[in-house]
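A.B. asks: Any chance you could fold what I've pasted below:
(chains A, B and C)
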Amino acid sequence: MSLPIEAEGLVRRFGELVAVDGVDLVVEPGEVFGFLGPNGAGKSTIVRMLTTLLKPSGGWARVAGFDIATQAPAVRRAIGVALQDAAIDPLMTGTELLHLQSVLHGIPRREANRRSGELLERVGLTAAADRRVGTYSGGMRRRLDLALSLVHEPEVLFLDEPTTGLDPTSRLALWEEVRTLNSERGTTVFLTTQYLEEADELAGRIAIIDNGRIVRDGTPTALKAAVGAPTLLVEVDEAHLVGTREVLLRFGEERPARDGRVAIGLSGGAAAMATVIRALDEAGVALQHVELDSPSLDDVFAEATGRRLEGAES
Amino acid sequence: MTAAAVPAEGPTRHDPGRGGFAAAVPHALVLSRRAVLGLWRQPNVWVFGSIFPLLIAAVQSSAFARSTGLPGFPEVDSFLQFVLPATIIQVVLFGSINGGTELGLDLESGFFDRLVAAPTARVAILLGRLAGVAVLAVAQTLLYVAIFAAFGATVRGGIPGIATLVVLSVLLSVGIGGLACAIGLRTGSAEAVGNSFPLVFILLFISSAFFPVELMTGWYRSVAERNPLTWMIDGARHQVIVGFDLSEAATAFAVALVIIVGSFWLAVRQLQRRLAVAS
Amino acid sequence: MTDSLVDPDAAVPPAERRGLGGAGNPLAVANQIATRSTRNTLRIPAALVPTVAMPVFFVIAFSGAFSAITDIPGFPTDNILSWMVPFAILQGASFAGMGTAFGTARDIEGGFYDRLLLAPTRRWALVLGPMIFAGTRALLPLVVVLPVAVVAGIDMPAGPVAVLPLLVACVGVGTVAGLWGLGVAYRFQSQRAGALVQLGIFAAMFLSIGQAPIEIMEGWLEKVARINPVTYVLNFARQGFLGDLSWSSTWPGLLAIVGGAAFMAVFSARQFRRLFP
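C.D. replies: You can find the predicted model right below:
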């Protein structure tokens, strides 16, 4: 059985800009693989290359065992794609769009009808199926998008930022759907996201991407463990900032934090908390806020790049 | 770091392929259905364009009614009958632009990407659009023939004459639709397609569309006589004001076919250009 | 703040209300608005193209295609240019009015108009400004097209004074079209109103003696043309190109222009109030 996705040295340039700067990938059958990174990191570009919408400037890749450069039609038959902007036709109904997609994949009429009915039920759009898509909410469009990408039961499913812009309920529903797909049918899922929680919840393995390069990859648990020490976050007023930093640096290495706060990796763990508080007290620091968090993917990102992920909390 | 894409290392999976032409037909059909449905569901796109040429014809036939008596003017029942073919061609010309604007909208919305990421037969993307404008052209032609007849301007060529007009409309819509698609593919914008079309209107004017070439003079007449649209309109008009004539019809069709060949070549080239970023 | 066109600074203390020379002298403001519009247009020369290109196209296409209609018994001239050129020029003048409307609609949509409304000046400056601009722009087709027509052989039996009625008609038509456009822009407050403005202008222009004289018309168009004020404006504008100037050709046209302007002024004033829901 061939690997769902393999790539080596993928590069994509747009004029002077290098959007993707040498990416290697291996995704195993039945995995849910997540690409996590801020806006502009190159996630969508990589997806577009792997789904044959964009030619690489360098490197190679195989999807479902087919070379994306020389066997593109075969790739297209084997993949399902739900891109960032749920590109659907507002004038058509859900049913009509599913029918269209079925014909494009050469699915016989009767089989197509059966699958459409099933998919509509799974994504909860049976009632709205005969309404024009232009009347659907954002969440409904994403769900239809997902249904459209599954109509031919693809080997590999590509989801580009599937929950961006969705309300929390719709987001949870979509996560559930992805989990079911993966566990029931063994569909390999490649998803990109800018949300830590999404990568953490859904992905079995993730790769963190920044400026077109993979900076860390592995399972979320392993990555977080590699960061090691939990983050101790202290908020004080302006006057005590320098003093606070001096004290804290005795207990661990500094980590990025927002203005007005100091963060360190507390090497002694929770057990060392009492000592730290005493030390701060002795230094005459008035604490406004204290937080001790086990490492998050945001910490992983911060450790790898020196920045916090956009939109994530410090 | 490699400078260009390289073939994958190691053995690749065998691709059995899917029959080329056989696959294109159902794709073209389903995309045609989409195009027609799309037009039907957006009346604002074609209703006004369908009425406007009728208004122009009404004004002109009232204003220039007596010109039919001028020496050299072809024998007609009325000025209205004279402009019937040109009015039809006008409405078909402007309706075919939709083929391009809708394609531009698909490019802007990302629906084009959806089609391309699926194993869609590429030519079906074009054929679908053209089928849409062809259906619109047939509907508009028949409607116009009926309306003109209600006002006393009948097609002397009878059923064969009307059939000729319908076939010509289909050919012309496909030809102009192809041009519009080429522009839409090249610019990726629906607006650009709309903006480039006054040129067509100008070309239509310097022809025998609105007045007999025989009654023109000077350089204007020379240009109009050499304008292929004149040959096309004259061939169509013959069916209306004289009677059904195969050779006249053939002339009209020939002009439309040349347009089709040219526009298809352009459209396919632009499509390939756009897809060249992928495989 | 009151929202009447007439006295927006009624609430302003008398010391400041000095008309000429006080804050926001309305004439100066109007002039400034006109200057801004001119500058903006010159920065996008493409905007001027319709005002000039359309009349040129019209003259060439209509004079070329329909030149034979001068042979129809009863046609007032045997020079097709003399018949078509004034009509084409007046069309160009009407587009100038349309352009003003688009500009205003764009400003309203984009929010710039709010800034103008907040300016401490008489409200009519906001209307006068665009109208000055429209009036000037309305003369552009005349200036560009007429010399070319003269070279091409247009007949002017009344001599150079033939230009005078045409000039007056251009300013008049530009003004009326401009007020119409402004009114529609105020009413719909979006650039989509443009289609309606164009439709109104085309209908007015073509349901008249634009293409053919009343003498040779038949059917419904004759009846419509007789009651269309544009017919009389065209008679007025064309007279020097068809024969001598005469009062009988002049007064109906002037009346139509003044009446049209008054009507459209009232219309746009009413719509102006819609800016204050």
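
A.B. asks: Helix, strand, or coil at A:Leu232?
C.D. replies: Counting by DSSP: H, G, I helix; E, B strand; the rest coil, the backbone at A:Leu232 sits in strand.

A.B. asks: That one: how many residues sit nearby?
C.D. replies: 25 (other CB atoms under 10 Å in any protein chain shown). In short, each C-beta sits where N, CA and C put it, glycine included.

A.B. asks: cool, the one 5 residues further on as well?
C.D. replies: Residue crowding around A:Asp237 was assessed by other CB under 10 Å; the count is 12.

A.B. asks: again with C:Arg123
C.D. replies: For C:Arg123, the neighbour count with other CB under 10 Å is 22.

A.B. asks: Quick one: low-confidence residue ranges for chain A.
C.D. replies: Confidence mapping of chain A against pLDDT under 70 gives the ranges A:1, A:86, A:310-314.

A.B. asks: Over to chain C?
C.D. replies: Using pLDDT under 70, the flagged stretches of chain C are C:1-24, C:40-48, C:120-121, C:277.

A.B. asks: ok, which stretches of the chain are helices?
C.D. replies: Assuming you mean chain A. According to DSSP state H, chain A carries its helices in the segments A:43-50, A:72-78, A:94-104, A:109-122, A:138-150, A:168-180, A:196-202, A:220-227, A:241-248, A:273-282, A:297-305.

A.B. asks: please go with chain C instead
C.D. replies: Under DSSP H, chain C gives helices at C:26-43, C:49-65, C:80-110, C:112-118, C:124-138, C:140-152, C:163-188, C:193-206, C:220-227, C:229-242, C:247-272.

A.B. asks: Which residue, other than its chain neighbours, is closest to A:Asp210?
C.D. replies: Nearest residue to A:Asp210, sequence neighbours excluded (CB to CB, 6 or more residues apart in numbering or on different chains): A:Thr305, at 5.0 Å.

A.B. asks: related to what we said a few turns ago, want to throw the helices of chain C into TSV with distance to chain B and mean neighbour count?
C.D. replies: Shown next, in TSV, are these (distance: least, CB to the nearest CB, whole Å; neighbours: other CB atoms under 10 Å in any protein chain shown):
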stretch	distance to chain B	mean neighbour count
helix C:26-43	19	16
helix C:49-65	3	19
helix C:80-110	10	25
helix C:112-118	23	13
helix C:124-138	21	23
helix C:140-152	11	17
helix C:163-188	16	25
helix C:193-206	6	18
helix C:220-227	3	16
helix C:229-242	12	24
helix C:247-272	20	16
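
A.B. asks: and of these, who's closest to chain A?
C.D. replies: Evaluated over the helices of chain C, closeness to chain A peaks at helix C:193-206, with 21.8 Å, by CB to the nearest CB.

A.B. asks: contacting residues around that closest one?
C.D. replies: With CB atoms under 8 Å, 6 or more residues apart in numbering or on different chains as the test, helix C:193-206 has contacts from B:59, C:87, C:90-91, C:94-95, C:97-98, C:101-102, C:105, C:177, C:180-181, C:184-185, C:187-188, C:228, C:230.

A.B. asks: Any idea which residue of the stretch 101-250 of chain B lies closest to chain A?
C.D. replies: Counting by CB to the nearest CB, the stretch 101-250 of chain B gets nearest chain A through B:Gly110, at 3.2 Å.

A.B. asks: center of chain C - which residue?
C.D. replies: Taking CA atoms, centre = their mean as the criterion, C:Gly174 is the residue nearest the geometric centre of chain C, at 1.4 Å.

A.B. asks: got any ranges where chain B has weak pLDDT?
C.D. replies: B:1-5, B:16-20, B:277-279.

A.B. asks: Having no further points to raise, I will conclude here.
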